[in-house]
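Student: quick one: sequence and predicted model below, then my questions.
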Amino acid sequence: MSDKTMTADEVVSRLHSGMTLGIGGWGSRRKPMALVRALLRSDITDLTVVSYGGPDVGMLAAAGRIRRLVAAFVTLDSIPLEPHYRAARERGAFELTEIDEAMFMWGLRAAANRLPFLPVRAGIGSDVMRVNPGLRTVPSPYEDGETFVAMPALRMDAALVHLGRADRLGNGQYLGPDPYFDDLFCEAADSAYLSCERIVDTAELTKEAPPQSLLVKRLNVTGVVEAPGGAHFTSCAPDYGRDEDFQRLYASTPWAEFAERFLAGDEQVYASAVRNWQEEQG
């Protein structure tokens, strides 16, 4: 066991252009935005991104960092379609592999278990098969004879996730209502980087919540980053909800203008810019 703490910039220094990168969270909920912002400060590009997409995808797409996206959706939740993602998609900025939510989950499970694929009913009889001609079906080997989609494993070079608490060894804890499959992202990737609201001693993890809340195991984590507010402007329950006002600003502001105002520096610069904007709003 060892101390795996590092900074967001140190995480990004271990990533590289052309890799397949998984990003945890769901829509505009518990996204590892501090790590995404650090990634945007780098020159890394040509990424294959695997995500239940939200502003992580929107920002990377707007910045021209994505070569291919694998997603079931890209949403801001209270704003149904992520506008910067939509604009990038409409101009043909990247290749899209769009699959059913359940297919996506089984792709993560297959990768986590080092299987080439897993059979799933989702997708049968839908346009998923038409828009993904590379997908194959498999018959059940048993008497039922049912046909399934053979969902290929979603293997990743690296994964980024955000949780409420973690220790220095890489054990990660969620305190909100939903794990959002972050454990599968970590298990399906060759390396995984966990940002969290607060790093605590290992013994403290089970004082706030039961052992079942320990979602991510240290053996699947390469690095841990303490990043208070690191999911902003998405939610990280119960620490904070989604910043709806700031999300509306993000959604309605041209990308170049938003990036210049809020993403031109490190996390301290970002936090200061957000506070300044909030003061302007009264």
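Tutor: Nice, I can see it.

Student: quick one: pLDDT of residue 1?
Tutor: Confidence at residue 1, expressed as pLDDT, is 66.

Student: check residue 91 too.
Tutor: We have a pLDDT of 96 for residue 91.

Student: what about the helix or strand hosting residue 150, distance to the chain center?
Tutor: Taking DSSP states H and E as the definition, residue 150 sits inside strand 147-152. Computed by C-alpha atoms, centre = their mean, to the nearest Å, the separation of strand 147-152 from the middle of its chain amounts to 24 Å.

Student: and the helix or strand that comes right after it, how far from the chain's centre?
Tutor: Next helix or strand after strand 147-152 toward the C-terminus (DSSP H and E): strand 156-166. Relative to the centre of its chain, strand 156-166 is centred 8 Å away, using C-alpha atoms, centre = their mean.

Student: and the strand holding residue 150, what does it pack against?
Tutor: Applying 3 or more C-beta pairs under 8 Å, 6 or more residues apart in numbering; DSSP states H and E, we find strand 147-152 packed against helix 101-112, strand 117-120, strand 136-139. Every C-beta, even on glycine, is put in place using the N, C-alpha and C of the backbone.

Student: tell me the angle that strand makes with helix 101-112.
Tutor: Interaxial angle, strand 147-152 versus helix 101-112 (axes from the mean of the first three to the mean of the last three C-alpha atoms, to 10 degrees): 50 degrees.

Student: deepest of the helices and strands packed on strand 147-152, which one?
Tutor: A comparison of the helices and strands packed on strand 147-152 by mean neighbour count, using mean count of other C-beta atoms under 10 Å, puts helix 101-112 on top with a mean of 22.

Student: which helix runs longest in the protein?
Tutor: helix 267-280 (DSSP state H).

Student: other SSEs contacting that helix?
Tutor: The helices and strands touching helix 267-280, judged by 3+ C-beta pairs under 8 Å, 6+ apart, are helix 33-40, helix 244-252, helix 255-262.

Student: any chance of CSV for the ones you listed, columns mean pLDDT, distance to residue 11 and mean neighbour count?
Tutor: Below are the helices and strands packed on helix 267-280 laid out as CSV (pLDDT from 0 to 100; distance: least, C-beta to C-beta, whole Å; neighbours: other C-beta atoms under 10 Å):
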stretch, mean pLDDT, distance to residue 11, mean neighbour count
helix 33-40, 98, 6, 25
helix 244-252, 98, 23, 16
helix 255-262, 97, 20, 15
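
Student: put the alpha carbons of stretch 275-282 into PDB.
Tutor: Extracted in PDB, the C-alpha atoms of stretch 275-282 (Å, rounded to 0.1, in the frame of the first residue of the first chain):
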ATOM      1  CA  ARG A 275     -17.100  34.000  -7.500                       C
ATOM      2  CA  ASN A 276     -16.600  37.200  -9.500                       C
ATOM      3  CA  TRP A 277     -19.400  36.200 -11.800                       C
ATOM      4  CA  GLN A 278     -21.700  35.400  -8.800                       C
ATOM      5  CA  GLU A 279     -21.000  38.800  -7.300                       C
ATOM      6  CA  GLU A 280     -21.900  40.400 -10.600                       C
ATOM      7  CA  GLN A 281     -25.300  38.700 -10.400                       C
ATOM      8  CA  GLY A 282     -25.900  40.100  -7.000                       C
END
